[in-house]
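# Mind folding the following:
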Amino acid sequence: MLPYHNIMSDPAKPPRILFVCLGNICRSPAAEGVVQRMAEGRALELDSAGTGNWHVGEPPYGHMQRAAKQRGYDLSSLRARQVKVQDFKDFDLILAMDEKNLADLRALDPGTGAALRLFMEYAPQTGVTAVPDPYYTRDFDGALDLIEAAARGLLTSL
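Model (predicted):
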């Protein structure tokens, strides 16, 4: 895992982190909400996006919102958006929820040299590299367990 300070474009500014999954309705908004809540009082610029455009403008998936709410995370104000080329310039670190989304991000990167990583790199103790998509697995709590573990590791690295 690369220490965060080694990839920041300007260490004097708050870290800018983008979380990315496929549709931006489950994993990436949950990661944004979890990190935001865990980092209360710390200066961070967080956002989330999807590699696909199916859900642009929609709130996070209801089942994910409910599971997150039970743990104290409010995702209701978030809205799905698609990754755009400008994101590769605007964010210091772009974290993909799985290998497919990481590959899609690498294909979209116009050569900015943006720091693209798997979110689960920040939770090596879990033994997994991806947050399975709960939209398909229906395991929203399992996804949140992994997201919380990676969030703790990420925040420790900042």
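# how about the helices in this protein?
Using DSSP state H, the helices of the chain run over 27-38, 62-70, 87-90, 99-108, 134-137, 140-157.
# pLDDT averaged over the fifth one - what is it?
Which is helix 134-137. Average pLDDT, helix 134-137: 96.
# same deal with the fourth one?
Along helix 99-108, the predicted confidence averages to a pLDDT of 97.
# Check what contacts that helix and list those residues.
With contact meaning C-beta atoms under 8 Å, 6 or more residues apart in numbering, helix 99-108 is reached by 20-22, 51, 83, 85, 88, 94, 96, 116-118, 129-130. C-beta coordinates here come from the backbone N, C-alpha and C atoms, glycine included.
# In a markdown table: the residues you listed, plus neighbour count.
As requested, the contacts of helix 99-108 are arranged in a markdown table below (neighbours: other C-beta atoms under 10 Å):
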| residue | neighbour count |
| --- | --- |
| 20 | 29 |
| 21 | 29 |
| 22 | 22 |
| 51 | 22 |
| 83 | 25 |
| 85 | 11 |
| 88 | 20 |
| 94 | 27 |
| 96 | 29 |
| 116 | 22 |
| 117 | 18 |
| 118 | 20 |
| 129 | 14 |
| 130 | 17 |
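# got the residues you listed as TSV, with distance to residue 35 and pLDDT columns?
Output for those, formatted as TSV (distance: C-beta to C-beta, whole Å; pLDDT from 0 to 100):
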residue	distance to residue 35	pLDDT
20	13	98
21	14	98
22	19	97
51	19	98
83	18	98
85	24	96
88	20	97
94	14	98
96	15	98
116	17	97
117	14	97
118	15	98
129	19	97
130	17	98
